[in-house]
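Q: 3D model of this:
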Amino acid sequence: MMRIPLRRNLPSALCLSFCCLILSYGKAIAQVNFEYWPNANYDPSIPTFEEVLGYAPGEKITWHRDVIAYFNALRAAAPDRVTITEYARSWQGRELIYAVISSPENMANLDQIKADMARLADPRETDEEAAAEIIADLPATTWLSYSVHGNEISPTDAAMMTAYHLLASRGDGRVADILNDTVVVIDPLQNPDGRDRFIHQFTTAMGLEPDSDRLSAEHNEPWPGGRTNHYMFDMNRDWFIQSQPETVGRAAAMLEFFPVAYIDAHEMGSDGTYYFAPEAVPYNPHLAQDQRDSLELFGRTNAGHFDRFGIDYFTREVYDAFYPGYGASWPSYFGSIAMTYEQASTRGLVFRQYDGVEVPYRYTVRNQFITSLGTAETVQVNREKFLTDFYNYRVTAIEEGQEQDIRSYIIPTQADQSAADKMAGLLGRQGVEVDRATASFNACGESYEPGTYVIRLDQPSKRFIRTLLDVDVPMEDDFLREQERRRAENLPDEIYDVTGWSLPLMFNIESNACNRAPNGDFVRHGTDLVQPGTVVGGAATVSYIVPWGEASAARFLTAALRAGLAVKSNDKAFTNLGNDYPAGSLIIDVADNPDNLFAIVSDIATESGAEVVAVNDSWVTDGPNFGSANVVRLNAPKIAMAWDEPTNSYSAGAARFIIERQFGYPVTPIRVDDLAGADLRRYQVLILPVSNGSYSSELGESGIENVSEWVRRGGVIISLGNATRFLADPDVDLLSVRRERAVVEVEAPEEEEGDTVEGQYLTEEQEYRDLTVALEDSPYPVAGVLVRADVHPEHWLSAGIAPVLNVLARGTDIYTPIRINDGVNVARFQGPDDLVSSGYLWEENRRQLAYKPFVIQESHGAGEVIAFTQDPTVRAYLDGLNVIMMNAIFRGSAHARPVR
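A: Numbering: from 1, shown residues only. So this is what the prediction gives:
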């Protein structure tokens, strides 16, 4: 266990308040008269847990409705010191709130406090002298967030205890100082849907009394578990992509307050202790040094408290600050000090750890409560420093944007304009200043049209912009060398999450770095993710054409099909009336549709953002005519998705979310157990998300035959990521490829009979290492790296798709290319020298992945088999892959020829 020395400059009042807290952790476990804060004196006018909920803190796991009830009770008891604000609603309709707690004077001036923080946040409007005047008297804001993962249960109950203590404590000078000098924002429950799912499952499994045995059902959650929200998103990876309503609301609220410190209270594996900052390497290079240094202040405060209670902890291991999508990293990029706290979870009311120690739930709540108070205390003691650091962070960001090589990013008008529009709006939501050109301009040797987006770097959000828009954010060389050393010794690497996340790459859009800030006519862009579409040419007499290739066109298609319109699509590019249209473009004939077609098309265009062209003459001067065999009728397919074990819930949730919420088309989830004998004739498409186990084993021989026969009769089966293993399984044989083992560059020794082998001299270390190489193993796992894939330009599955795609490669799966007499490699990864577009990839993986397939199509009977060897829907943030996913669903079902 790593220990941090006690801070020597702790206030004397704090030392006195803990003089009697010297019990060891082991003794505390056995303590009968448990106390959260020994010798505390509480105001009886502030309602306790028992008075509102009927139980003591940590005695039960609190439901979402009771969390809300308790905070409302606190507000009613102390309306001058606490406010409650709803900032979002979950998909299932549960409210998400934050509580603001401070002194009556600060609460009365809350709007002014927020306004002053906004002034500090923009040094272009607030010079150093004015900033110093503001800082002298401004309360600093601490933001405490809890339980973004629903099955990480102790943080939420600790949030309630923290609020109670701040409001009810009497005679504690530290609490008085916190309330006078700071504003504390408590977000008690970031994931209400997941928490209530967990509590329901736990309550269902619990018997006469809580069971500490790790094998007990109450500690083992059925699929999908409580970690995720309704759409099964890990919302601790959603911060910069902001796909979920919980994240959108929370981020917007934080940008109102600009807290100087943010904690994200989590739980980890049940056999651990407690983790708090400082964090592990690697650090993101766009973090400021004073942010890293300040982590030590919080760590030392928490360590001092834990030493007095006799609680074990660790720091600087496992949890890093490299990826910007965590709750414990995203706030850093507006100047906050962001941290994660991790408590070993009881996943219930008591848990027996591997060493036999039984940990009650209330102890985990107590530990989270202590670090919550320690965080608020650290902000109070360092109020002026943290406010000054915040201001200087914004000052130096602007200076760097004026001086460094990249001084602006320019997003030109382009083929996938809807993706560019979405990225511009997404950045605007997160406090980035995005301008849109109203006239042509020149910059860095290029000419740009009106509608081009310009993001100048001489703004306070410069570091955030560079983190998200740079092609690559490098990790420290020392860290990478250590990972290679660990791999050579067959030790797991320490890369915690993906290493490549550049938004322009993930959206597959053109983005140009420029070494100066362009001059021209610009207006500030807003935060809308979709710009309204239009119908060019008014009411048509023949057809309406929607150029294919953008998400907006796919949204138009799904809305048109759900509205009952007849829609066709051309497999090849064509030219009509001098306008060129890419393959996949939609054709809506007036003769085949209702009389009010123009009104329907106009409404759908506005909502979807699609460009629609009215056509009064069907004559095509190049490419297939509208009645060609190369033009297919798009049906409205009924989509089924594998659900429940062994399906990976993240993958299933993200794929369903993209189809339903981003493209507005319904999906029917079917449990894998039911797929084995289900009558699938009502469905045209079956999606197999990434798997945590084996679809083959779960379905069994009869289930495999049922699915295979459905494909042969005209179904379209689509695999995501490692679900391709099922299709390539020789016992299934729906896909004529095989998964590869790792390449072994040493010769396997000849097997010798008997219990001994011929001896040999090893004269150098490499000979030893050759003898220790695994001869049959999967490729080394990849945490996540963006790689390039070339697209077959003439296949119906690649209609409207860019020639090169950026794919997030993860895991171990690499597949052989399909032979041309069996199917088509619709997209294949580029060669080894060009493969990596962003992130870090092991050398042997880079060489082995090169030229291997990403998208494979094979016909089986009347049906189609489409395999994505990497998941195109991961975290719903690979927008550049959405259209090829829609092609697989809608164009795939159009090209199948079902047996009627």
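
Q: from residue 580, how far out is residue 639?
A: Relative to residue 580, residue 639 is positioned 32 Å away (C-beta to C-beta, to the nearest Å). C-beta here means a position set from N, CA and C on the backbone, and glycine is covered the same way.

Q: looking at the two, which is more packed in?
A: Between residue 639 and residue 580, counting by other C-beta atoms under 10 Å, residue 639 is the more crowded of the two (24 against 13).

Q: would you mind measuring from the more buried one to residue 72?
A: Counting by C-beta to C-beta, the gap from residue 639 to residue 72 is 42 Å.

Q: and if you look at residue 735?
A: Residue 735 is 56 Å from residue 72, by C-beta to C-beta.

Q: who has more neighbours, the two?
A: Using other C-beta under 10 Å as the criterion, residue 735 and residue 72 rank with residue 735 on top: 25 against 14.

Q: pLDDT wise, what is residue 6 at?
A: Among the per-residue scores, residue 6 shows a pLDDT of 32.

Q: same deal with the one 10 residues further on?
A: For residue 16, the model assigns a pLDDT of 38.

Q: equivalent analysis for the one 10 residues further on, please.
A: The per-residue pLDDT reported for residue 26 equals 37.

Q: do residue 338 as well
A: Among the per-residue scores, residue 338 shows a pLDDT of 98.

Q: list of residues touching stretch 61-76?
A: 46-47, 49, 51-53, 82-84, 94-95, 97, 99, 153, 156-157, 159-160, 163-164, 167, 188-189, 192, 195-196, 198-199, 202, 348-349, 361 (C-beta atoms under 8 Å, 6 or more residues apart in numbering).

Q: just checking, which of those belong to helices?
A: Among the contacts of stretch 61-76, the members falling in helices (DSSP state H) are 49, 51-53, 156-157, 159-160, 163-164, 167, 192, 195-196, 198-199, 202, 361.

Q: whichever of the residues you listed end up buried, select them in PyMOL.
A: Selection of buried members from the ones in helices among the contacts of stretch 61-76 for PyMOL, criterion 16 or more other C-beta atoms under 10 Å:
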select buried, resi 49+52+53+156+157+159+160+163+164+167+192+195+196+198+199+202+361
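
Q: how far off centre is stretch 202-209?
A: 32 Å (C-alpha atoms, centre = their mean, to the nearest Å).

Q: next: stretch 524-533.
A: The chain centroid and the centroid of stretch 524-533 are separated by 22 Å under C-alpha atoms, centre = their mean.

Q: just checking, what packs against the longest strand along the chain?
A: Looking across the chain with DSSP state E, the single longest strand is strand 782-791. With contacts defined as 3 or more C-beta pairs under 8 Å, 6 or more residues apart in numbering; DSSP states H and E, strand 782-791 has these neighbours: strand 804-811, strand 824-829, strand 836-838.

Q: between those, which one is nearest to residue 597?
A: strand 824-829 (33.2 Å; C-beta to C-beta).

Q: given that closest one, what are its sheet partners and their directions?
A: Strand 824-829 has the following sheet partners, assigned by DSSP bridges: strand 782-791 (antiparallel), strand 853-860 (antiparallel).

Q: mind listing what residue 220 touches?
A: No contacts exist for residue 220 under C-beta under 8 Å, 6+ apart.

Q: could you check how far it is from residue 214?
A: 8 Å.

Q: low-scoring stretches of this structure, by residue?
A: 1-33, 899-900 (pLDDT under 70).

Q: how about a cut-off of 50?
A: For the chain, the stretches with pLDDT under 50 are 1-31.

Q: who touches residue 333 in this structure?
A: By C-beta under 8 Å, 6+ apart, the residues touching residue 333 are 286, 324, 461, 463, 464, 467.

Q: quick one: distance of whichever strand or helix holds residue 116 to the chain centre.
A: Applying DSSP states H and E as the criterion places residue 116 in helix 110-120. Centroid separation between helix 110-120 and its chain, computed with C-alpha atoms, centre = their mean, is 30 Å.

Q: how about it: buried residues?
A: Quick answer for helix 110-120 (16+ other C-beta under 10 Å): 110, 113, 116, 117, 119, 120.

Q: same check on stretch 92-105?
A: In terms of neighbour count (16+ other C-beta under 10 Å), stretch 92-105 has its buried residues at 94, 96, 97, 98, 99, 100, 101, 102, 103.
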